[in-house]
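Participant: no sequence for this one, just the structure:
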């Protein structure tokens, strides 16, 4: 829904103002026009829901009488107000209000200013064509935030607080814990030797790793794991380098070899996403935007942190360990 003016043409017929005034002067009819949105984008149909809520809150005060929505629409159609857009003007509202035998009209707007939304309602005297009183409230721009502001405005205009209707929330599905998918079968686009084959990234041993076997940094090389049946994949955890350490002249192998900096994750479902990894030793966790049904997962190398040993560039890339977490599809 655009931020342009939107009018839903609902009008309510109400008695005037504060309860004591109503008793002293008798019940007066007020035509209340539905919400007009400015500089605000809401889900389609949201303003209709908010306008219904406004009508409900006004009626719930017990001060006003309410004209059915379909009668108001018929009146506007008779006046040939196309899509009701032309009846935002005060002159149009006064005319329609008088035809409905009302003495007052109420116009309501919601406007986004910065990160907040302001709801304003203005009560007009149709006989004198002047403003009689107004109400204003500021709050969040969510539907619930606007509803809270409507409650405040209605209370300010009527002097009564309408009973707050509980808004039902959708029931949450019970949380399902993702588990490690096993067993995994590894394969790769290349390897240097048997001790550094794809299976080494699945042996739960940080002293071994899968190492690609092409010249250069291994950009475009891939590592894939398959499993039995279809699972919903939630996360993957990997060590994107060589974690081995020995008390020898090489010490930590991590900085000596390339570490994965940028990877693409592909799934059999067709899902594909690119991820950047920090240059730090240990496990890295990647959570998918939504669980994906899949039978295999592939990691493609797109970029690396360069490995060096005593100033010499070493261009070996690989994965020390990989774990895939998911829930079994029923």
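Facilitator: Ah, there it is. Source: prediction; values computed, not measured.

Participant: How far does stretch 307-324 sit from its chain's centre?
Facilitator: Put simply, stretch 307-324 sits 38 Å off its chain's centre (CA atoms, centre = their mean, to the nearest Å).

Participant: average pLDDT for it?
Facilitator: Confidence for stretch 307-324, expressed as mean pLDDT, is 94.

Participant: got the residue ranges for the strands in the stretch 51-200 of the chain?
Facilitator: Using DSSP state E, counting those that start in this stretch, the strands of the stretch 51-200 of the chain run over 104-113, 116-125, 130-139, 179-180, 185-188.

Participant: Nearest to residue 327 among those strands would be which one?
Facilitator: Closest of the strands of the stretch 51-200 of the chain to residue 327 is strand 179-180, at 7.3 Å (criterion: CB to CB). From N, CA and C alone the C-beta is placed, and that goes for glycine too.

Participant: Name every strand pairing with that closest one and say which way it goes.
Facilitator: Strand 179-180 sits in its sheet next to strand 321-328 (antiparallel), going by DSSP bridges.

Participant: Next, the buried residues of the partner strand.
Facilitator: Across strand 321-328, burial judged by 16 or more other CB atoms under 10 Å covers 321-326.

Participant: With mean pLDDT and distance to residue 214 added, can I get the strands of the stretch 51-200 of the chain in a markdown table?
Facilitator: Output for those, formatted as a markdown table (pLDDT from 0 to 100; distance: least, CB to CB, whole Å):
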| stretch | mean pLDDT | distance to residue 214 |
| --- | --- | --- |
| strand 104-113 | 85 | 54 |
| strand 116-125 | 86 | 56 |
| strand 130-139 | 85 | 59 |
| strand 179-180 | 94 | 30 |
| strand 185-188 | 94 | 11 |
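
Participant: Can I get those strands in CSV including mean neighbour count and distance to residue 51?
Facilitator: Listed next are those as CSV, based on neighbours: other CB atoms under 10 Å; distance: least, CB to CB, whole Å:
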stretch, mean neighbour count, distance to residue 51
strand 104-113, 20, 8
strand 116-125, 20, 12
strand 130-139, 15, 16
strand 179-180, 12, 47
strand 185-188, 18, 58
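
Participant: Skip the chain neighbours and tell me the closest residue to residue 303.
Facilitator: Nearest residue to residue 303 in three dimensions, chain neighbours excluded: residue 262, at 3.4 Å (CB to CB, 6 or more residues apart in numbering).

Participant: just checking, the one you found touches residue 299?
Facilitator: No - the pair residue 262 / residue 299 is not scored as a contact, 11.0 Å apart, by CB atoms under 8 Å.
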